[in-house]
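K.L.:
with the input below, show me the fold.
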Amino acid sequence: MPKLKEINIFHFKGIQKMEYHPKQINLLIGKNNTGKTTLLSAINCLFSRDISPDSFESPEYEININSKIARISSGDHDITIYRDIVDIDSKVKNEIIQEVNKKIKKIFSKELDDNKTDDLCNSIFNNFRFLTLIKNHKHVEVFPYSKNYKKNRIQNLESLKKYFPDVDRRGLIHLLFEFSSIEFNLSSSTQKNPKKIKVVSIYHENKLDFSFHENSDNILKVEGIIKENNIIKNFERLTEDGVLLNEGEKKIKYLPYAYYGDGFKSLLTIITKLIEAKNGILLIEEIENHLHPGYITILGDILFKLSNEYKVQVFMTTHSFDLIKEVLLCGKNNKMGEKFLISKFVLDDGKISRYDYSLEQALKISDNFALDLRGV
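P.N.:
Predicted structure coming up:
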């Protein structure tokens, strides 16, 4: 049973409005800048503990350029994002402003006399905007950013240096780090926290970052998958740091993971994250990156088998027709028709649209996907 049955997105990044009903295995295709990764970000933002913006210097781009407010919701889960505190029109606005003032005073109190902190707070509110995220009507995170787009945050703090003349640039950077985000719960909220949903993500920056150090139990599971699919020739077993190969005559050779190429590391990352996401959601950006077509063939079977075994709902983007063909074939062979959805994203006249296809429909028009990937 999919953990995420429906998600509604309004004015989040490039998506103006979208209602999405995913299945267990979801493949997102389309040209660049059509909203595929934005959908992954929306899911991650809604369910993950980390709801920080992609850019701390320009966090306002979390919200569609034509709006001051963005919202993502699914069942009992909800997150509302405001471009600035002044855009909040609810009764919690004053409480949020008070909490932000408290945090500012706490951060800068070591450097200031008490009689200067109020003046500093006023100056900060005059120089900064505050992207504000309210999650499930209770948890608040605030991210300060410069009102003047020509100045970054450290430059704005330097312009306030009159309040703490004895603090050098290193000290300013330390203050800026503390000032990067402000987090608290609304005391006025009686909202109960919704049931947690685990989200595991694989983006470009962590595609090769698999590790067995935190969960060595996964080694045996991954070993079984490697042997079953004959991924490594003469494979004996895995360790936390490398691979043991059987060279015959009781000779065992050790090769550290660093010895292997990015394709093997990427495949191991996907396998370990599938296991880690048990009973949750796995998000994968451009799943084919680093993978040889031979690995893509292996990955298709592994993906469907492990998602069923560990009850993982998978969302993945791709620009690879080889991967699309393999996933469609594996879906057909594994009789996943009711559990599979392929969605094509299109940007037309500045608006993102999405077209959903069942497995049966996608198999009939798969050649059209190849034309779209080639930009035709």
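
K.L.:
show me the shaky parts of this structure.
P.N.:
Low-confidence segments of the chain, defined by pLDDT under 70: 1, 49-57, 110-115, 153, 157, 214, 371-376.

K.L.:
show the contacting residues for the closest residue to Ile232 other than its chain neighbours.
P.N.:
Distances taken as CB to CB, 6 or more residues apart in numbering place Ile226 nearest to Ile232, at 5.7 Å, with adjacent residues excluded. No exception for glycine: its C-beta is placed from N, CA and C like everyone else's. Residues in contact with Ile226, defined by CB atoms under 8 Å, 6 or more residues apart in numbering, are Ile232, Phe235, Leu238.

K.L.:
highest neighbour count among the residues you listed?
P.N.:
Greatest neighbour count in the contacts of Ile226, by other CB atoms under 10 Å, goes to Leu238: 20 neighbours.

K.L.:
hmm, that residue is touching Phe212, no?
P.N.:
Yes - in this structure, Leu238 is within contact of Phe212 by CB atoms under 8 Å, at 7.1 Å.

K.L.:
A helix includes the residue nearest to Ile232, no?
P.N.:
Yes - checked against DSSP: H, G, I helix; E, B strand; the rest coil, Ile226 lies within a helix.

K.L.:
if we can go back for a sec, the contacts of Ile226 in strands, which ones?
P.N.:
Among those, the members falling in strands are Phe235, Leu238 (criterion: DSSP state E).

K.L.:
distance of the nearest residue to Glu240 once chain neighbours are set aside relative to Asp262?
P.N.:
In space, Glu240 comes closest to Phe212 once its chain neighbours are excluded; the distance is 4.7 Å by CB to CB, 6+ apart. Distance of Phe212 to Asp262, computed by CB to CB, to the nearest Å: 18 Å.

K.L.:
Lys68 now?
P.N.:
For Lys68, the distance to Asp262 equals 42 Å [CB to CB].

K.L.:
now the residue nearest to Glu240. Its backbone dihedrals?
P.N.:
When read as degrees, to the nearest 10, the backbone of Phe212 gives phi -100, psi 0.

K.L.:
which residues does it contact?
P.N.:
By CB under 8 Å, 6+ apart, Phe212 lies in contact with Asn218, Ile219, Val222, Leu238, Thr239, Glu240, Thr272.

K.L.:
reformat the residues you listed as CSV; add secondary structure.
P.N.:
Formatted as CSV, the contacts of Phe212 follow (three-state DSSP):
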residue, secondary structure
Asn218, helix
Ile219, helix
Val222, helix
Leu238, strand
Thr239, coil
Glu240, coil
Thr272, helix
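
K.L.:
which of these has the most neighbours?
P.N.:
Taking other CB under 10 Å as the neighbour criterion, Thr272 ranks highest of the contacts of Phe212 with 22 neighbours.

K.L.:
and the nearest residue to that one once chain neighbours are set aside, how far is that from Phe235?
P.N.:
Nearest non-adjacent residue to Thr272, counting by CB to CB, 6+ apart: Phe210, 4.8 Å away. Distance of Phe210 to Phe235, computed by CB to CB: 16 Å.

K.L.:
having no further points to raise, I will conclude here.
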